[in-house]
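Participant: curious how this folds, go ahead:
(one chain, ligands or ions: 1)
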Amino acid sequence: MRKIYLGALALLSANCTFAQKDPVAEKFAKYINVEDAHKHLSIIASDDFEGRETGQPGADKAANYLSGEFKRLGLQGANNGSYFLDIPLSAISGKVSSLSINGSALEFGKNFSAEGITADGNINVAEIVFLSEGSEADLNASNITGKVVLVIAAKPVGTESARQATVRFQKIIKNIQAKSPSLIFVASSNARFRGASERIVIKKPATNTIATVPVFVISTSTADVLLKNSGKTYAQLAEAHQVQVVKADISASYQYIVKDVKAVDVVGFLPGSDPKLKDEVLVFSAHYDHIGLNPNGPDKVNNGADDDGSGTTGILEIATAFTQAKKQGHGPRRSVLFLGNVGEEKGLLGSEYYTDHPVIPLERTIADLNIDMIGRTGYEHQGKADSSDYVYVIGSSMLSTTLHKVNEEANTKYTNLVLDYKYDDPNDPNRFYYRSDHYNFAKHGVPIIFYFDGEHQDYHKPGDEVSKINFPMLVKRAQLVFYTGWDLANRDKRPVVDVVTGNDSK
Ligand SMILES: [Zn+2]
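Facilitator: Residues are numbered from 1 along each chain as shown. Below is the predicted model of the structure:
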């Protein structure tokens, strides 16, 4: 079929708006169907998988299901025969085991919070520097190196929003940290305290980087205790705007805790059939992890049926279509990689690690089609005529104009969805372009498309259930991704990177 367009007819077809369908593609798109999608998603988003949190047993169950299906479909393990690519992660947290201020013992998580603990430490001092608001002038008024300091948390001034005030205050803290005090207290009139909370990060080799200065957030009444030897209250000192040294007995002991986290990306590979093109690979990606359990609610599981059980189901369905095509003599000319990412909800970790350690070099990766949420109707399309017939398309033209055209043509020929480009902007305030796994490909210069249905009432809530998924819509959107991928995997020339909007830094 596609050979017809070669040679003299190529020009003609380029100017021709008549959309010629490929019956072979249509035949295999039918393998993407409601019945299959329902079967996969009912397992992936079941309570048994406990919300698939990275590092927890539910995520392992999802990874095993995905790899089992890849194997059953006839995909190869892409990592030297294995379906798993280990993603080395650490869970890091800071804990304060003791804090005493002028003889009063304070309880971590109840009376104060702590941030920025990156090493163990002990503090024993007899004075504190009250830094007022921590302005440039305040910082120059005293030498604080090695000292314990107290600064007033910034509140919004004038027309400033709470968020803008926070951003301004983060800069103040950075300026203080740059002067190397031993500990920073922040007095806040409306702080809510919490204890150690874990953060999952990609494991870094041990380095000799200097630890950051910890920040303890305290209440204004604790600040009164801290400043009592000045003979004034915290409010009086804050009012006076004057940097001063105050006698205070402070002792603290804190710990930096690092634990290994076991996590894998799932990688299934379909070798291309054209000897000249099979070294190039097209990636379909979706994250199989979600946010885990909801221990306090009546509904204890964040099922993540839409986020991103729907995308995981989508790539399984697309893998079914491609493997069936191959079995029936229509395997794609280029190779195809199906990538189930872990750690997306923890900060796009699986795709960050994958793109730094790809199983197939990124120079040979022609595009990443990433699916994250395709089973529901987002707020803005609810109640609209196209509520079951649209998809947000993000990033398609940010690196390659060809990629954008391929997707548009696939939609015009086959799926006829409303392609909504509202969020297709690196400067959109929602920043969706930076918020799923495709971004890690884009930042390395690999063209991407991100398919997305928009935020809705159950986004990151226990109500993100299979029963609320619109399966015919999920299937139609997955078919669009398939048709776009079918063209990309089979066309003569890979999409050229001819724009540079997409790989700017975060
Ligand atoms: Zn997601």
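
Participant: which positions in the chain make contact with the ion?
Facilitator: Applying CB under 5 Å from the ion, we find that the chain lies next to the ion at 307-308, 372. Just so you know, the C-beta spots here come from the backbone N, C-alpha and C atoms, and that holds for glycine as well.

Participant: which of these are buried?
Facilitator: By neighbour count, with 16 or more other CB atoms under 10 Å, the residues of the chain next to the ion hold 307-308, 372 as buried.

Participant: switch the residues you listed over to a markdown table; also include secondary structure and pLDDT.
Facilitator: Shown next, in a markdown table, are those (DSSP: H, G, I helix; E, B strand; the rest coil; pLDDT from 0 to 100):
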| residue | secondary structure | pLDDT |
| --- | --- | --- |
| D307 | helix | 98 |
| D308 | helix | 98 |
| D372 | coil | 98 |
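
Participant: which of those residues sits closest to A126?
Facilitator: Nearest to A126 among these, counting by CB to CB, is D307 at 52.3 Å.

Participant: give me the mean pLDDT for the strand or helix carrying A91.
Facilitator: Assigned by DSSP states H and E, A91 belongs to strand 89-101. Mean pLDDT, strand 89-101: 97.

Participant: tell me the residue of the stretch 101-250 of the chain that sits nearest the ion?
Facilitator: Here the stretch 101-250 of the chain gets closest to the ion at one residue, I200, 15.4 Å apart by CB to the ion.

Participant: what about the closest residue to that residue other than its chain neighbours, neighbour count?
Facilitator: The shortest distance from I200 to any non-neighbouring residue, by CB to CB, 6 or more residues apart in numbering, is to K346 (4.1 Å). Other residues lying near K346 total 22 when counted by other CB atoms under 10 Å.

Participant: hmm, Q56 and K346 touching each other?
Facilitator: No: the criterion here is CB atoms under 8 Å, and K346 misses it with Q56 at 11.4 Å.

Participant: can you list the buried ones among the residues of the chain next to the ion in a markdown table and add distance to V215?
Facilitator: Shown next, in a markdown table, are those (distance: CB to CB, whole Å):
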| residue | distance to V215 |
| --- | --- |
| D307 | 32 |
| D308 | 34 |
| D372 | 33 |
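
Participant: could you pull out the helices for the stretch 401-506 of the chain?
Facilitator: Secondary structure of the stretch 401-506 of the chain (DSSP state H, counting those that start in this stretch): helices at 401-410, 438-442, 471-490.

Participant: hmm, I was thinking of the chain
Facilitator: Counting by DSSP state H, residue ranges of the helices within the chain are 9-14, 23-29, 34-44, 57-73, 136-140, 162-178, 220-226, 234-240, 311-327, 349-356, 401-410, 438-442, 471-490.

Participant: not counting sequence-adjacent ones, nearest residue to V336?
Facilitator: The shortest distance from V336 to any non-neighbouring residue, by CB to CB, 6+ apart, is to L270 (4.5 Å).

Participant: tell me the contacts of that neighbour?
Facilitator: Neighbouring residues of L270 by CB atoms under 8 Å, 6 or more residues apart in numbering: 75-76, 319, 322-323, 326, 331-332, 335-338.

Participant: domain assignment for this structure?
Facilitator: As assigned by automatic domain parsing, the chain contains the domains 23-87+263-490, 91-260.

Participant: would you mind finding the most buried of those domains?
Facilitator: A comparison of the domains of the chain by mean neighbour count, using mean count of other CB atoms under 10 Å, puts domain 23-87+263-490 on top with a mean of 21.

Participant: one step back: a markdown table for the helices of the chain, including mean pLDDT?
Facilitator: Shown next, in a markdown table, are the helices of the chain (pLDDT from 0 to 100):
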| stretch | mean pLDDT |
| --- | --- |
| helix 9-14 | 44 |
| helix 23-29 | 98 |
| helix 34-44 | 98 |
| helix 57-73 | 98 |
| helix 136-140 | 93 |
| helix 162-178 | 95 |
| helix 220-226 | 97 |
| helix 234-240 | 94 |
| helix 311-327 | 98 |
| helix 349-356 | 98 |
| helix 401-410 | 98 |
| helix 438-442 | 98 |
| helix 471-490 | 98 |
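
Participant: give the contact list for the residue nearest to L131 when sequence neighbours are not counted.
Facilitator: Among residues not flanking L131 along the chain, V151 sits closest, at 4.5 Å (CB to CB, 6+ apart). Residues near V151 by CB under 8 Å, 6+ apart: 131-134, 172-173, 176, 184-187.

Participant: identify the bridge partners of V151.
Facilitator: Here V151 shows beta-bridge partners V186, assigned using DSSP bridges.

Participant: gap between it and S182?
Facilitator: Per CB to CB, to the nearest Å, V151 is found 14 Å from S182.

Participant: repeat that for S221.
Facilitator: Look at S221 and S182: by CB to CB, they are 23 Å apart.

Participant: tell me how far G195 lies from G121.
Facilitator: Between G195 and G121 the distance, using CB to CB, works out to 17 Å.

Participant: check P472 too.
Facilitator: From P472 across to G121, the span is 58 Å (CB to CB).

Participant: one more: N294?
Facilitator: Applying CB to CB, the value for N294 to G121 is 34 Å.

Participant: ok, T415 touching F482?
Facilitator: No: T415 is not in contact with F482 according to CB under 8 Å; the separation is 9.3 Å.
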